[in-house]
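Visitor: Could you look at this predicted model? Sequence included:
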Amino acid sequence: MIYDVTIDGKNHRLDLNHADGRWSCLLDGRPLQIDAVLARPDVLSLRIGDMSYEVKSECVAGDLHIWVGSARFAAEVRDPRSLRSRARAADDHGPRKITAAMPGKVVRVLVNEGEEVEAGTGIAVVEAMKMQNEIKSPKKGIVQKIPVKEGVAVNAGDVLAVVE
Amino acid sequence: MIYDVTIDGKNHRLDLNHADGRWSCLLDGRPLQIDAVLARPDVLSLRIGDMSYEVKSECVAGDLHIWVGSARFAAEVRDPRSLRSRARAADDHGPRKITAAMPGKVVRVLVNEGEEVEAGTGIAVVEAMKMQNEIKSPKKGIVQKIPVKEGVAVNAGDVLAVVE
Amino acid sequence: MFKKILIANRGEIAVRVIRACHEMGIAAVAVYSDVDRASLHVLKADEAYPIGAPAATESYLNIPKILDVAKRSGADAIHPGYGFLSENARFAHACADAGVKFIGPTAASMEAMGSKTRARQAMEKAGVPFVPGTSHGLESFDEAAQVAQRIGYPVMLKAAAGGGGKGMRLVHAPSDLKSALEAARSEAERSFGDREVYIEKAIVNPRHIEMQILADEHGNTVYLGERECSLQRRHQKVLEEAPSPIVDPDMRRRMGEVAVRVAQAARYTNAGTVEFLVDQQKNFYFLEMNTRLQVEHPVTELITGLDLVHLQIHIAAGERLPFRQEDISIRGHAIECRIYAEDPDNNYFPSPGKITLLLAPAGPGIRRDSGMYQGWNVPLDYDPLLAKLIGYGTDRDQAISRLTRALDEYFVGGIKTNISLFRRILNDREFRAARLDTGFLDRMLERNENKKSDAAAADVAAIAAGLFAALGANASATKSAGANGASRAQDDDSRWRAVSRREALR
Amino acid sequence: MFKKILIANRGEIAVRVIRACHEMGIAAVAVYSDVDRASLHVLKADEAYPIGAPAATESYLNIPKILDVAKRSGADAIHPGYGFLSENARFAHACADAGVKFIGPTAASMEAMGSKTRARQAMEKAGVPFVPGTSHGLESFDEAAQVAQRIGYPVMLKAAAGGGGKGMRLVHAPSDLKSALEAARSEAERSFGDREVYIEKAIVNPRHIEMQILADEHGNTVYLGERECSLQRRHQKVLEEAPSPIVDPDMRRRMGEVAVRVAQAARYTNAGTVEFLVDQQKNFYFLEMNTRLQVEHPVTELITGLDLVHLQIHIAAGERLPFRQEDISIRGHAIECRIYAEDPDNNYFPSPGKITLLLAPAGPGIRRDSGMYQGWNVPLDYDPLLAKLIGYGTDRDQAISRLTRALDEYFVGGIKTNISLFRRILNDREFRAARLDTGFLDRMLERNENKKSDAAAADVAAIAAGLFAALGANASATKSAGANGASRAQDDDSRWRAVSRREALR
């Protein structure tokens, strides 16, 4: 099985195969000796060579995180052959709406329409109960549209920006 | 839904219905005010009147146990209308093979063929590594057959007795 | 002794009090709002009563509803925990009127301490050291200007009814005084319905150190040592330790004796805490008295070997303190981390949601007081304190190293928590050297964390991500997280109402 | 200090040592047999090496394989835990030869203490009090009869190489001596490959009390107080506490000084335990010395505030003890429960299998040293110790009440455990009164437990059983238990081989 894996914004090509109770693994073309056991759902005991790792998986607000010990990595996994992944990948290359997760007030808009942004660039700051929440771009691209202005109230789900 | 529930050998008729987010409950004809939330798989937060119980469910070697706080109860649940339960009930009324769970030596046979036994009556004692394990009848019935003798070695899965 | 105690609280402190009840053979009655039906305190209690809508005013702050449950359940005492009604003199009165013992001080003691200016007046009589300033509300700007001139700038304006940094203003120069006084007054009015503001000399980079006291109803009062609470973010305590690294036995005795004098002046009973500001010359000044069990009481329990909640209950039942001052000894060092459902990478914004995986630390020197469990949906309606992780060690270094190890074992999947903040604090050179003051944490957070990305760990993550995908549905409980995220987005405004209340919890 | 430590063990003690390594900034290397790939110590370690088949002789007892891992991993020290190779002088020798530090005493000290008769001879010279008897193996039946006559019946026959009650016989009358001697010899031969048997006066209803010592490599030796280990089933410790309810400060000092003398006579270094029998007049007699960390070391840690594993590592690194005898103080009371995967309703038969649900206690005064996790499949190949639950309190009553509360919170679903046994012990009137001796537990277990069936709870169970069924597949993780049961039935004989080894763990 071949996967395109993005870890903290960096892309990797991963080739995993399971035969005779063993995994074989190529990471970006490098062969690695791995041995993995699922300890419980979301917890993997992974040996690479003789190093031992307790790896945890979680999904927070739709984002997949992989934790190696106490270090967190943002992860995305695409199976290049899978239809669903291809759809998602397509979505990733098309326009993406950025919405408010919670109701509040837009206190600042950090980008302009037409500006180029990286994945993780702050788009707007929404305040609720005196706490400010910076909404970030989930992908690299161009800001197509910013339907909100500083000072307006938004509800959860309202579109703050569209990035293509 | 109507269930036949056996708790530590005692039978109960339970009538449960769920409507408008509330449960109604009749236990052996007695109406009880209950309120239940599944906290996580196998853990139920159950209120009966205003009493609060943390109830756990487990299955050990095929036996269902319900724990109310730190008290354990052997439980069996049958839905009188369910096909699968009916099959199980039939099995319960038909002959049941009692097998050795672990390899060992039969040190004692506690019943004779033709004898009537209760659920929980000791059938035979199997020893392994100097530890003795009493094998019990899972049901009330007549001992039809005892294919083992004292002193013989048995493997896991070997039939020790048949109770009908 | 009481037969049944109602716990008028939720979360980890409700669980902690329920545990004490069970240890003492006392039945525990829980109350819960609509969003707390599946909360841990309901599961652990012997009886549980719904008390209404999520908004605290409709439930945990609703005195008639709570007293009604006390009556229906036959509880003979109420433990208020911290926050909510714990320092509400009206509630203590109402309990007395209803014939239910309030586990805490009398309403009169609370009232004496409830207003900072009134407390100051009472304490001045008892000869307690104060930061120079006024012991009454400022009448006018002119008075403020005169006092500020006399005590010298910088000065601090404070709301008499204050707490949590609300209605507080630091003033460096006479020219800023007028606008600061107006701002403090209007914030005090908004926050507490009381515009009374007083003035104090501002202590530069003070430490915040508090002294735990216990007083029985027979006139015996003891102190149990201090807690260092200088690690604060926006005037909210984040991490506490005991003993304070700068307090030696002599200073402890002097602070303890002042604390006992404060308590006695207020005819105080049960557990209480006397807060002090300590300047760089180790002079200490009375700040205020908290008339309840503190969030951070476990660090005192670990270094004294005592159980404060057991003792609160014994005292409320009319028993005498089972020890004298000279019987109390302090051994080792304890540090508490307040684990919050909040996002350290995003301005500590609350992060409610479902806990999809919970790996909890244990082992030597680790105490965990928790109100969460795997599968629980953390509501956004209340203070997002999930648990307290407390490390004990032979000395401060060992407490830090055990806590660091335990934090590495702690995993709360599905929501954001501030666990990484504590790793950073405990690893900080200044923290390790115990050079602490109330500005420490804000300064640390302003420094950019030099996150060196670990390429080897990133490779591990890449392989693991692929393996989780290859192992399929059974490997993960996170598939449902999408649905969960969606439901979160539908939460209405009401879920936000209570968040500000956490600011009152210190 | 060491950079990397190999832990030649598994289960809770391996996890406990890994934690200590991480707290000290030392990398931890795990080894594991084929059935332990998913065990907790592998997950928690920094490196993990497979060492072969489940049978301990092929893996955890295999000296060449373990030293090979030490070499390949670059570990500069080995912690043996308890059991397995921990008291194996050959292994300590082999470590020294391989240039890897063995964290424990020298091979010579182990050898001096390994044979009970040789230890007795050495200790007699040091003026250590003994139970009257022979300090050498019995030459003949005639010698046995003469000695028994002299010291008086009842007498105890013991294997010199013994442990765990093997090769031990209590003889009440001369007529039983001959057959008992033969039985003890042949059991000693079978169990230890050594038929040497000696004789002692039998102490009627003794207590088993042991003294923890620490010795650095610079001649400093201290004692850390005693542990009461009288609660045994078939000569296996089940529950331990510290301090002993019958030991006062004077007796503690006298026992401690004898223990230090024992250690010094053997030129002992690192952590060790001197076991004593105590008769009803509180006379104490040297029994043997255990040259390793004990299972029950946490109770000593809780009452002294020290970390014995940290100290073991510091000592092995050549450091001096950081305190003197007079710096050590004992505060509070601690009790340990050994949580086993065994069925108390069925003769304590081992109960391996998959843990379908794990609810672990926490909160004030509770320490949990565990080697299990939810989803783990408990193998049958080793000692079925799953975890240790340790309760601390201001006094013995509070330790008991906290532990009882914690046991009520503990739930291990999918397998049988002995948790209910501890509820029964802690609730026992004789236990609460601390009237303990080594026969206590067997006597308690012989009494029929009057299980009063709680009709109200049975109704709750009936309703809950129906609700679980009504809630369907999502409500339960137990559906897979059938498959699990089936796989268990296919286990072959090899899985039984190692069970007896648990008897050597005390």
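Guide: Arrived safely, thanks for sending.
Visitor: Kindly list the main-chain dihedrals of residue 71?
Guide: Just going to use chain A. phi -100, psi 130 (degrees, to the nearest 10).
Visitor: Not quite, go with chain C.
Guide: phi -70, psi -50.
Visitor: list the contacts for it?
Guide: Residues in contact with residue C:71 (Cβ atoms under 8 Å, 6 or more residues apart in numbering or on different chains) are residue C:98. C-betas here are computed from N, CA, C, even on glycine.
Visitor: Can you tell me how far it is from residue C:98?
Guide: Between residue C:71 and residue C:98 the distance is 7 Å, computed by Cβ to Cβ, to the nearest Å.
Visitor: who touches both of these two?
Guide: Common neighbours of residue C:71 and residue C:98, counting by Cβ under 8 Å, 6+ apart, are absent.
Visitor: Not counting sequence-adjacent ones, nearest residue to residue C:409?
Guide: Sequence neighbours aside, residue C:361 is the residue nearest to residue C:409 in space, at 3.8 Å (criterion: Cβ to Cβ, 6 or more residues apart in numbering or on different chains).
Visitor: Surely the one you found is in a helix?
Guide: No - going by DSSP: H, G, I helix; E, B strand; the rest coil, the assignment for residue C:361 is coil, not a helix.
Visitor: Stretch C:234-250 close to chain A?
Guide: No - Stretch C:234-250 does not reach chain A (Cβ under 8 Å from any Cβ of the partner chain); its nearest approach is 9.8 Å.
Visitor: Compute the first-to-last residue distance for that stretch.
Guide: Terminal residues of stretch C:234-250 lie 32 Å apart, using Cα to Cα, to the nearest Å.
Visitor: same thing with stretch C:56-65?
Guide: Stretch C:56-65: ends 12 Å apart by Cα to Cα.
Visitor: residues of that stretch that come out buried?
Guide: C:56, C:59, C:60, C:61, C:62, C:63, C:65 (16 or more other Cβ atoms under 10 Å in any protein chain shown).
Visitor: for the first one, phi and psi?
Guide: Main-chain dihedrals, residue C:56, degrees, to the nearest 10: phi -60, psi -30.
Visitor: Let me know the pLDDT of it.
Guide: Turning to residue C:56, the model gives it a pLDDT of 94.
Visitor: Then the fourth one?
Guide: The model reports residue C:61 with a pLDDT of 97.
Visitor: Any figure for the gap between it and residue C:9?
Guide: Distance of residue C:61 to residue C:9, given as Cβ to Cβ: 11 Å.
Visitor: Quick check: neighbours shared by the two?
Guide: The contact lists of residue C:61 and residue C:9 share residue C:84, where a contact means Cβ under 8 Å, 6+ apart.
Visitor: any idea where the helices of chain A begin and end?
Guide: Counting by DSSP state H, chain A has helices at residues A:83-93.
Visitor: Low-confidence bits of it, can you list those?
Guide: For chain A, applying pLDDT under 70 flags the ranges A:81-94, A:101-103, A:128-131, A:156-157.
Visitor: Could you list the contact residues of it toward chain B?
Guide: Along chain A, not a single residue is adjacent to chain B under the rule Cβ under 8 Å from any Cβ.
Visitor: Quick one: name the residues of chain A near chain D.
Guide: When proximity is defined as Cβ under 8 Å from any Cβ, chain A approaches chain D at A:35, A:37, A:39, A:40, A:41, A:43, A:45, A:47, A:50, A:51, A:52, A:54.
Visitor: Now that we have these, can you turn them into TSV and tack on neighbour count?
Guide: Listed next are those as TSV, based on neighbours: other Cβ atoms under 10 Å in any protein chain shown:
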residue	neighbour count
A:35	18
A:37	15
A:39	23
A:40	18
A:41	21
A:43	25
A:45	22
A:47	20
A:50	18
A:51	13
A:52	23
A:54	23
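Visitor: Bridge partners for the closest residue to residue C:147 other than its chain neighbours, pull those for me.
Guide: Nearest residue to residue C:147, sequence neighbours excluded (Cβ to Cβ, 6+ apart): residue C:199, at 5.2 Å. In this entry, residue C:199 is beta-bridged to residue C:157, by DSSP bridges.
Visitor: contacting residues around residue C:199?
Guide: By Cβ under 8 Å, 6+ apart, the residues touching residue C:199 are C:133, C:134, C:138, C:144, C:147, C:148, C:151, C:155, C:156, C:157, C:158.
Visitor: can you check residue C:159 too?
Guide: Shown in contact with residue C:159 (Cβ under 8 Å, 6+ apart): C:116, C:166-168, C:184, C:187-188, C:191-192, C:194-197.
Visitor: ditto for residue A:122
Guide: Shown in contact with residue A:122 (Cβ under 8 Å, 6+ apart): A:110, A:111, A:134, A:135, A:136, A:137.
Visitor: repeat for residue A:109
Guide: By Cβ under 8 Å, 6+ apart, the neighbours of residue A:109 are A:123, A:124, A:146, A:148, A:149, A:150.
Visitor: Pipe those into TSV and attach distance to residue D:412 and neighbour count per row.
Guide: Compiled in TSV, the contacts of residue A:109 are given as follows (distance: Cβ to Cβ, whole Å; neighbours: other Cβ atoms under 10 Å in any protein chain shown):
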residue	distance to residue D:412	neighbour count
A:123	48	23
A:124	49	23
A:146	55	22
A:148	53	19
A:149	58	9
A:150	56	11
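Visitor: What helices and strands are in contact with the strand ranked longest in chain C?
Guide: When chain C is parsed with DSSP state E, its longest strand is strand C:221-233. If you count contacts as 3 or more Cβ pairs under 8 Å, 6 or more residues apart in numbering or on different chains; DSSP states H and E, strand C:221-233 packs onto strand C:207-215, strand C:236-242, helix C:249-265, helix C:297-304, helix C:440-446.
Visitor: Could you check the ones you listed and tell me which one is nearest residue D:173?
Guide: With Cβ to Cβ as the criterion, residue D:173 lies closest to helix C:297-304 of the helices and strands packed on strand C:221-233, at 54.9 Å.
Visitor: touching chain D at all, that closest one?
Guide: Yes - against chain D, helix C:297-304 shows contacts by Cβ under 8 Å from any Cβ at C:298, C:301.
Visitor: Out of the buried residues of stretch C:56-65, which sit inside helices?
Guide: Per DSSP H, helices hold the following members of the buried residues of stretch C:56-65: C:63, C:65.
Visitor: just curious, which of the buried residues of stretch C:56-65 is nearest to chain B?
Guide: For these, the closest approach to chain B (Cβ to the nearest Cβ) belongs to residue C:65, at 13.9 Å.
Visitor: My read is that that closest one contacts residue C:59, right?
Guide: Yes - between residue C:65 and residue C:59 there is a contact under Cβ atoms under 8 Å: 7.0 Å.
Visitor: shared neighbours of these two, anything?
Guide: With Cβ under 8 Å, 6+ apart as the test, residue C:65 and residue C:59 both reach C:31, C:51, C:52.
Visitor: Surely residue C:230 touches residue C:205?
Guide: No - contact criterion Cβ under 8 Å: residue C:230 and residue C:205 do not qualify, at 9.3 Å.
Visitor: more neighbours, the two?
Guide: residue C:230 (27 against 14; other Cβ atoms under 10 Å in any protein chain shown).
Visitor: any idea how far that one is from residue C:206?
Guide: Computed as Cβ to Cβ, the residue C:230 to residue C:206 distance reads 8 Å.
Visitor: How about residue A:2?
Guide: Taking Cβ to Cβ as the measure, residue A:2 falls 60 Å from residue C:206.
Visitor: okay, these two: which has more neighbours?
Guide: Neighbours per residue (other Cβ under 10 Å) separate residue A:2 from residue C:206, with residue C:206 holding more: 21 against 14.
Visitor: Now the more buried one: closest residue in space, sequence neighbours ignored.
Guide: residue C:277 (4.4 Å).
Visitor: for the one you found, what are its contacts?
Guide: C:131, C:203, C:206, C:207, C:208, C:284, C:285, C:287.
Visitor: The residue nearest to the last one when sequence neighbours are not counted bridge partners, please.
Guide: Nearest non-adjacent residue to residue C:287, counting by Cβ to Cβ, 6+ apart: residue C:275, 4.2 Å away. Listed beta-bridge partners, residue C:275: residue C:210, residue C:288 (assigned using DSSP bridges).
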